[in-house]
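Asks: Sequence and predicted structure are below.
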Amino acid sequence: MSANGIFLSKTTTTLKRIYFDNAATTALDKDVLDVMLPYLTEKFGNPSSIYSYGRETRLAIENARKSVAKILNAHPGEIFFTSGGTESTNTAVTAAIHNLGCRHIISSEIEHHATLHSVEHAHSKDKIRLSNVRLLPDGHVDMAHLRELLANSSERCLVSLMHANNEIGNLLDIHAVGNLCKEFDAIFHSDTVQTVGHYAFDLRHTPVHFINGSGHKFHGPKGVGILYINENVKITPFIHGGAQERNMRAGTENVYGIVGFAKALELATEHMEEHSKYINDLRMYMMDQLKQHIPGVSHNGDLYGRSLYTVLNVSFPKTEKSEMLLFNLDINGICASGGSACTSGADAGSHVIRAINSDPNRIAVRFSFAKDNTKEEIDEVITRLKEIV
């Protein structure tokens, strides 16, 4: 360890990198790349063109839409392709305000910044009332308080609560929230970026108006996502300029991304049961090993209850060594995070951890896993952690 607190392993230069940040992004599956490649090369037509080059890419998009809709048990007309989860969330929030008459937004302090910043912008620019539902000590939404907020609102509400928190992994009871929204005629948007491709959805029987997904969270390409808009909801475009996506999203479609999204979702669904069990076993194994070998370690969120099987948020005691823990992990070839990848460059700390556990004497690190991770990698991380902290 150097004088400035940086721990350099004796074998740093030969370390194999270990990637434990799959909640930020996942590796592109080779089978997904294979179906994308033709649309990056010979099948390059504009889907809006009427000749054969355009018709074949239009067909590819519509087949992808049907595939996604079938997997999510939605109607193809309810699936719209976007650039990703952030655009989808912005579209849903804007539509709820300008098309659906919502003048009161109910959200939470631990939403992804795509939601937090969208609702804060609506609050300041459009003078929309904004309320945050209380959180229980384990980070779950206080359902009694959500009912109270809805019952006491004189205006139509938009409830925007994420299905699975991207930092601590807590899972929302999406049906319970949806039924509560139905009772009070509220619009319900759920950020499902961390759960589409990881859990089975039955949108025909789920009381939700908007959900969103992002391909790169389940071994698909970056830069492509979906917005599900319930067929009973009528909104106007968020992005103007053309008739693409059935007059809902202007701009030439990301054909190869859309094809890749559909293939990645198909593969994820096909192997969902085996992969979810395998990944959850890895997560629990790592927590057990941490408890055995790192004094004072604990977890953030509801690890042993309603929790996303890919995410483990670990709380380390703050010491001279652990203060630079994330940096030292990186130096030692371990990829993990302290919060959302979307804010890591700002070095502002985690708003999620601050909301549920503001203890300045603890350091939070998120480890998140995928199908390609192994117990051997976990053992290696534990060995390096013992040296670092």
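Replies: All right, it came through fine.
Asks: mean confidence score for stretch 204-222?
Replies: Averaging pLDDT along stretch 204-222 gives 98.
Asks: Could you check that stretch and say which residues are buried?
Replies: 206-222 (16 or more other CB atoms under 10 Å). In short, each C-beta sits where N, CA and C put it, glycine included.
Asks: Give me the distance between the two termini of that stretch.
Replies: 27 Å (CA to CA, to the nearest Å).
Asks: That stretch: how far from the chain's middle?
Replies: 9 Å (CA atoms, centre = their mean, to the nearest Å).
Asks: Over to stretch 127-143?
Replies: 19 Å.
Asks: next one: stretch 124-136
Replies: With CA atoms, centre = their mean, you get 21 Å for stretch 124-136.
Asks: Then stretch 93-108?
Replies: On CA atoms, centre = their mean, the centre of stretch 93-108 falls 21 Å from that of its chain.
Asks: Low-confidence stretches in this protein?
Replies: 1-14, 339-348 (pLDDT under 70).
Asks: The same query, at a cut-off of 90, please.
Replies: 1-16, 318-323, 338-349, 357-361, 388-389 (pLDDT under 90).
Asks: So which residues of it form helices?
Replies: Applying DSSP state H to the chain gives helices spanning 30-36, 52-72, 85-98, 113-125, 143-151, 174-183, 244-247, 255-270, 272-293, 325-331, 351-356, 375-388.
Asks: would you turn those into a markdown table with distance to Asp202 and mean neighbour count?
Replies: Shown next, in a markdown table, are these (distance: least, CB to CB, whole Å; neighbours: other CB atoms under 10 Å):
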| stretch | distance to Asp202 | mean neighbour count |
| --- | --- | --- |
| helix 30-36 | 24 | 16 |
| helix 52-72 | 8 | 18 |
| helix 85-98 | 19 | 24 |
| helix 113-125 | 23 | 18 |
| helix 143-151 | 21 | 16 |
| helix 174-183 | 10 | 17 |
| helix 244-247 | 23 | 14 |
| helix 255-270 | 12 | 24 |
| helix 272-293 | 14 | 16 |
| helix 325-331 | 38 | 19 |
| helix 351-356 | 28 | 21 |
| helix 375-388 | 33 | 17 |
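Asks: Would you reformat those as CSV and include distance to Val133?
Replies: Below are the helices of the chain laid out as CSV (distance: least, CB to CB, whole Å):
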stretch, distance to Val133
helix 30-36, 37
helix 52-72, 26
helix 85-98, 16
helix 113-125, 12
helix 143-151, 5
helix 174-183, 10
helix 244-247, 32
helix 255-270, 30
helix 272-293, 27
helix 325-331, 30
helix 351-356, 11
helix 375-388, 35
